[in-house]
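Enquirer: got a structure for you, letters missing:
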Ligand code: GZL
């Protein structure tokens, strides 16, 4: 099934590694949606694709109007900055804080530990944070930190992953991708690369967050719909990590030598899988199809090198949209409780031109 986009990657007879950067309506959507490639920071900043639905105001939430330029803002990062996704995400927040000229930006990194993310947020509150931007590690468990902010009417914007708490009450709003749609479009890329037949395994992301569950749901449901002859033969987590993705891929190659597809739920695991495939004597681009999601520069370069088939983007550059949402909210304007951002799609036709914009 062709994804609705302006190019169709050449279908390989054998391995092709697919990590496709998604747009909700086609590979040029992000250009159409007006995202601009901020000079010096590589690719397009996150732009809202859909900000419809219920809104939240400062009056509803509770709290005082604050001029963002006089504010102390805290940013809580969830995972260590070894993954280009996290590096780009944190840099985008820092760059925008400087561009806006907030009084102070406090930053923390939870190193993938929920208890540390809770204490990080509480520490920033104690240091005087008047607004918080949080990249949650998990969908559950942050309640103590959200309650600490709530008790002082400190607005919390969540970016990237979604928490199972109530918007405009426990936190203000969510800004992030449509992860189900990402999984769906990854399935379309995979089916196209595999010629609608063969056996595929899934390298799952970390457990306990909506990104993993949604990317899995989107992929599995779409694959059943568009390519029922493709068998999903195994599902195993690589924890969104390159080394674990490689280890799991090594095991899968042994257990399922006839695999003709691997769906990795982020590029880091896909890059690890590539190493395992080559170590097992396979040639990426000729005998197994691998599908993944993120849109990192390393992955897009693999398309240019002929080892990858396409790249699914999950844009981490939330800075401008997050701070603009905060400004509006703190000025008393309504903001959408659920802002879905647009993502890109890289493939054979545009990877060489776009690789400099990948993160
Ligand atoms: C997606 C983000 C995921 C990335 C991974 O928004 O939460 O977490 O896809 C990262 O690279 O580990």
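Expert: Nice, thanks for sending it over. Model, not experiment: these values are computed from the prediction.

Enquirer: For the residue in the stretch 101-250 of the chain that the ligand sits nearest to, what are phi and psi?
Expert: Among residues of the stretch 101-250 of the chain, the one nearest the ligand by Cβ to the nearest ligand atom turns out to be residue 240. It sits 3.6 Å away. The C-beta positions use only the backbone N, C-alpha and C, and glycine is treated the same way. Listed backbone geometry of residue 240 is phi 60, psi 20, with angles given as degrees, to the nearest 10.

Enquirer: Helix, strand, or coil at the closest residue to residue 274 other than its chain neighbours?
Expert: Nearest residue to residue 274 in three dimensions, chain neighbours excluded: residue 284, at 5.3 Å (Cβ to Cβ, 6 or more residues apart in numbering). What DSSP: H, G, I helix; E, B strand; the rest coil gives for residue 284 is coil.

Enquirer: Pretty sure residue 284 sits against residue 271.
Expert: No: distance between residue 284 and residue 271: 10.5 Å, which falls outside the contact criterion (Cβ atoms under 8 Å).

Enquirer: Identify the contacts common to these two.
Expert: residue 302 (Cβ atoms under 8 Å, 6 or more residues apart in numbering).

Enquirer: Give the full set of residues in contact with whichever residue of the stretch 251-359 of the chain sits closest to the ligand.
Expert: For the stretch 251-359 of the chain, the residue closest to the ligand is residue 266, as judged by Cβ to the nearest ligand atom, at 3.7 Å. Counting by Cβ under 8 Å, 6+ apart, residue 266 makes contact with 83, 85, 205, 240, 292-294, 314.

Enquirer: same thing but at 10 Å, please
Expert: With contact taken as Cβ atoms under 10 Å, 6 or more residues apart in numbering, residue 266 is in contact with 19, 83, 85, 203-206, 211-212, 215, 238-242, 245, 292-296, 299, 312, 314.

Enquirer: Helix or strand next in line after the helix or strand hosting residue 220, which one?
Expert: With the criterion set as DSSP states H and E, the secondary-structure element containing residue 220 is helix 210-226. Beyond helix 210-226 in the direction of the C-terminus, DSSP H and E gives the next helix or strand as strand 230-237.

Enquirer: Can you give me the distance of residue 325 to residue 232?
Expert: 37 Å (Cβ to Cβ, to the nearest Å).

Enquirer: Also residue 186?
Expert: 13 Å.

Enquirer: Please identify the pairing partners of the strand or helix carrying residue 75 and their relative orientation?
Expert: Residue 75 is located in strand 72-77, with elements delineated by DSSP H and E. Based on DSSP bridges, the pairing partners of strand 72-77 within the sheet are strand 104-109 (parallel), strand 131-134 (parallel).

Enquirer: Can you name the residues that contact whichever residue of the stretch 1-150 of the chain sits closest to the ligand?
Expert: Among the residues of the stretch 1-150 of the chain, residue 85 lies closest to the ligand, at 3.8 Å counting by Cβ to the nearest ligand atom. Shown here is residue 85, whose contacts under the criterion Cβ under 10 Å, 6+ apart are 79, 135, 160, 240, 266-268, 294-296, 314-316, 359.

Enquirer: Also residue 150?
Expert: For residue 150, the residues meeting the contact criterion (Cβ under 10 Å, 6+ apart) are 61-63, 143, 156, 165, 169-171.

Enquirer: same deal with residue 352?
Expert: Under the criterion of Cβ under 10 Å, 6+ apart, the contact list for residue 352 reads 300-301, 303-304, 346.

Enquirer: run the last query once more with 6 Å
Expert: When contacts are counted by Cβ atoms under 6 Å, 6 or more residues apart in numbering, residue 352 touches residue 304.

Enquirer: Same check on the one 4 residues further on?
Expert: Applying Cβ under 6 Å, 6+ apart, one finds that residue 356 lies in contact with no residue.

Enquirer: quick one: it is in a helix?
Expert: Yes: secondary structure assignment (three-state DSSP) places residue 356 inside a helix.
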